[in-house]
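Student: Quick one: sequence plus predicted model below, questions after.
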Amino acid sequence: MIASFIVLLTAYYFIFVQPFFPNQNGGLGHDYEMWFPRMLAGVYYFVTNGVSVIPWFTPSCCGGTVFFANPQYLFFSVPQFLNFYFDPIVSIKITMMLFATLGFLGTYLLMRRTFALKEATAIFAGGLFLFNGFFAYRMIIGHLGYHSFMLLPLIAYFLLQPLVTKGRLQEVTMSVMAALLSSYVFYSGGVHLLLPILLAVSVIIILAGINHQELKYPMYRATLAVFLTLLICSSKLHVALATLSNFSRDYYLLPGIDNIFYALWVPVKSLFFTAYTWVDTNRIFVNSQWTIERHELELSLTFIPLVLILWGGVNFFRKKIDIEKKQYLLLIALTIICVIPLALNFYTPEWNKLLKQMPIIKNSVVLVRWYVIYIPLVVVTAALAINRLKYNRYLVPGLLLLLLSLKAYEDKSYYAEQGYDPQLSVYAHQQVMQTKIVPPIDKVSEVSNISTPEGVTMAAGDAVMAFGLSQVNCHESLFGYRHEEFKQKELLRVSQPVMQITNGHFNMKNPACYVFPDENNCIPGDHFRADQKEELLSFISYKGYEFNMPKTQYISNWVSLVTILMCGSFLLVCWIQAVFVSYRQRS
């Protein structure tokens with residue numbers, strides 16, 4: 001197993017990591033243009049305060065904007081923590097390999113211990129999930145908040161794993177582990193993945209039930225895990241909902257497929273063959289305001305699992321295996337879940353009108369990410385099929401080699417041509433690591449290029465914070481793709497100091513007004529008032545500042561902190577107890 005693990009991870013690095021970080025032109029995926037400056041802002045907060053201050057807001061761009069209060073931002077995450085010590089490109093490389101490893105190991109444990117499949121089968125399933133295109137290509141393009149997708153098998157493992165010695169303590173431990181992993185998805189910016197992952201875990205649980213596993217205890221665990229996750233995430237969840245209530249973003253068109261054939265064929269092609277390009281999506285998807293690029297439909301598990309599933313299906317019907325009533329009911333539940341992504345991406349004017357009234361869905365721009373629930377479905381089903389082969393231990397190495405070959409020669413030209421230049425973010429990170437000096441924001445700017453003291457001209461973007469500038473033409477999806485929700489943007493005076501007072505207000509937005517306007521006696525987009533000089537000075541120096549929040553937010557903050565401490569203490573006590581019991585048994 002260890003040898004296979006090393007070979008697969010090594011191949012993964014040379015297929016998906018080394019050629020794209022950076023690519024042949026020195027560029028990265030276009031969405032890192034948003035994430036690298038945000039990570040740099042996180043580094044500035046860490047260098048200034050350690051972990052003693054939660055960065056609710058940041059002066060680094062947009063003339064002052066939300067940070068922890070933005071549901072997508074990932075200050076409490078592995079890539080951000082790594083960036084405290086490593087440059088951003090190295091941080092992303094380590095993150096990608098670490099979560100690829102967790103995805104492989106989680107799938108291996110799930111297949112080997114929970115589904116009780118052969119070791120060769122578990123290795124095959126782990127390799128198949130490891131090389132799923134959703135994680136790899138989303139990371140390459142810069143969808144950094146999706147790195148937590150690879151925790152999916154581990155979450156399912158902790159919910160499903162049968163215990164050798166059953167007891168309430170052990171059951172609670174498994175729920176706590178699942179809750180902590182699920183909470184990480186939310187805190188690390190994976191807000192768009194929460195519901196798809198919930199459905200994907202449900203798919204795995206149902207498949208376990210169809211495979212004759214008792215679901216009584218997994219359901220208890222899942223219920224407790226959901227409850228604990230809500231408690232752990234209550235702080236960020238509350239502030240995120242408060243933020244989103246002031247930024248509707250429900251005015252974008254919601255694309256869909258108005259043809260039954262393509263509604264079924266698009267996910268099948270994306271899973272087993274090649275993803276559609278923007279030329280195809282422009283033809284297939286209707287009611288589309290934005291182009292659906294190739295990376296949105298990269299699921300790519302190759303045709304290998306399709307062949308195995310078809311072979312398993314043929315053998316299933318040939319042997320006419322009896323299906324119990326319970327299995328029929330579970331199959332119906334599985335079918336209903338699998339229809340959800342198809343329905344969300346189907347279009348009729350009446351159905352679209354209904355979708356635009358649903359919470360969360362109505363604020364979306366594209367819903368093809370929901371197809372990810374098919375990835376664990378395919379991986380587990382293919383594993384169950386190959387596990388029935390008499391000589392699967394000899395067949396698996398050949399299939400894995402074929403998988404590696406297919407992945408190595410996949411068309412990656414779209415990703416190899418990505419053009420975000422990370423030079424300024426890397427330079428700024430090197431400077432703050434060497435000097436430990438954080439440049440305060442002193443001016444609002446719209447520069448597109450900037451020269452370093454060494455005389456090197458670099459593309460600016462949001463990373464101009466390294467020179468004390470807050471980019472007004474910032475990349476902030478919360479404000480809309482065309483800054484439709486950039487409240488009172490016109491009040492920011494470009495190329496002017498932030499301390500300049502006009503009409504009783506400084507030249508810097510008070511981000512607390514974006515989140516809690518009533519409590520701070522302002523409206524979204526308002527600036528710091530002349531009497532808030534000390535707060536502004538602290539804010540532009542990345543020290544945070546005092547602002548008012550509702551009592552419910554204070555309560556949520558304490559609920560999150562106490563729950564995290566209780567869960568951590570509980571796991572520590574359980575670990576100490578396990579070590580003590582093991583020591584007594586050996587002595």
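Tutor: Perfect, I can see it now. Residues are numbered from 1 along each chain as shown.

Student: Strands along the stretch 401-550 of the chain, start to end?
Tutor: 443-445, 449-451, 457-459, 469-471, 501-502, 505-509, 527-529 (DSSP state E, counting those that start in this stretch).

Student: buried set for stretch 434-445?
Tutor: Going by neighbour count (16 or more other Cβ atoms under 10 Å), the buried part of stretch 434-445 is 438, 439, 440, 441, 443, 444, 445. Heads up, the C-betas are built off the backbone N, CA and C, glycines and all.

Student: is the last one in a bridge, and if so with what?
Tutor: If I follow you right, that is residue 445. In this entry, residue 445 is beta-bridged to residue 471, by DSSP bridges.

Student: from what I can see it touches residue 466, true?
Tutor: No. Using Cβ atoms under 8 Å as the test, residue 445 is too far from residue 466 to be in contact (11.8 Å).

Student: how much space between the closest residue to residue 64 other than its chain neighbours and residue 479?
Tutor: Of all residues not flanking residue 64 in the chain, residue 509 sits nearest, at 3.9 Å (Cβ to Cβ, 6 or more residues apart in numbering). Look at residue 509 and residue 479: by Cβ to Cβ, to the nearest Å, they are 11 Å apart.

Student: hmm, back to that, a markdown table for the strands of the stretch 401-550 of the chain, including distance to residue 494 and mean pLDDT?
Tutor: What follows is those, written out as a markdown table (distance: least, Cβ to Cβ, whole Å; pLDDT from 0 to 100):
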| stretch | distance to residue 494 | mean pLDDT |
| --- | --- | --- |
| strand 443-445 | 6 | 95 |
| strand 449-451 | 15 | 90 |
| strand 457-459 | 18 | 88 |
| strand 469-471 | 10 | 96 |
| strand 501-502 | 13 | 94 |
| strand 505-509 | 9 | 97 |
| strand 527-529 | 14 | 97 |
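
Student: Of all the ones you listed, which one is nearest residue 358?
Tutor: Proximity to residue 358 (Cβ to Cβ) singles out strand 505-509 among the strands of the stretch 401-550 of the chain, at 31.3 Å.

Student: How confident was the prediction at residue 390?
Tutor: Note for residue 390: predicted pLDDT of 80.

Student: For it, what are phi and psi?
Tutor: phi -60, psi -40 (degrees, to the nearest 10).

Student: would residue 109 count as being in a strand?
Tutor: No. Counting by DSSP: H, G, I helix; E, B strand; the rest coil, residue 109 is located in no strand; its state is helix.

Student: That one and residue 154 touch, don't they?
Tutor: Yes. Counting by Cβ under 8 Å, residue 109 touches residue 154, with 7.5 Å between them.

Student: any shared contact partners between the two?
Tutor: Residues touching both residue 109 and residue 154 (Cβ atoms under 8 Å, 6 or more residues apart in numbering): none.

Student: For the longest helix anywhere in the chain, name the packing helices and strands.
Tutor: Looking across the chain with DSSP state H, the single longest helix is helix 551-586. Using 3 or more Cβ pairs under 8 Å, 6 or more residues apart in numbering; DSSP states H and E, the elements in contact with helix 551-586 are helix 168-187, helix 216-232, helix 234-244.

Student: Quick check: buried residues in it?
Tutor: By neighbour count on 16+ other Cβ under 10 Å, the buried set for helix 551-586 is 553, 556, 557, 559, 560, 563, 564, 567.

Student: residues in contact with the second one?
Tutor: When the contact criterion is Cβ under 8 Å, 6+ apart, the partners of residue 556 are 234, 235, 237, 238, 239.

Student: I'd like to know which of the residues you listed is nearest to residue 287.
Tutor: Comparing those against residue 287 with Cβ to Cβ places residue 237 closest, at 30.7 Å.

Student: Just give me the neighbour total for that closest one.
Tutor: Applying other Cβ atoms under 10 Å, we find 20 other residues in the vicinity of residue 237.

Student: Please apply the same query to the one 4 residues further on.
Tutor: Using other Cβ under 10 Å as the criterion, residue 241 is surrounded by 11 other residues.

Student: re the thing from before, is it possible to get a markdown table of the buried residues of helix 551-586 that adds pLDDT and distance to residue 161?
Tutor: As requested, the buried residues of helix 551-586 are exported to a markdown table (pLDDT from 0 to 100; distance: Cβ to Cβ, whole Å):
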| residue | pLDDT | distance to residue 161 |
| --- | --- | --- |
| 553 | 96 | 36 |
| 556 | 96 | 31 |
| 557 | 96 | 33 |
| 559 | 97 | 28 |
| 560 | 96 | 27 |
| 563 | 97 | 23 |
| 564 | 96 | 23 |
| 567 | 95 | 18 |
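
Student: Turn those into CSV, including distance to residue 350.
Tutor: Below are those laid out as CSV (distance: Cβ to Cβ, whole Å):
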residue, distance to residue 350
553, 39
556, 38
557, 43
559, 41
560, 41
563, 43
564, 45
567, 45
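
Student: closest to residue 119 among the residues you listed?
Tutor: When these are ranked by distance to residue 119 (Cβ to Cβ), residue 567 comes first, at 32.3 Å.

Student: Tell me the spacing between that closest one and residue 173.
Tutor: The value you get for residue 567 to residue 173, if Cβ to Cβ is used, is 10 Å.

Student: Likewise for residue 287?
Tutor: Here residue 287 is placed at a distance of 47 Å from residue 173 (Cβ to Cβ).
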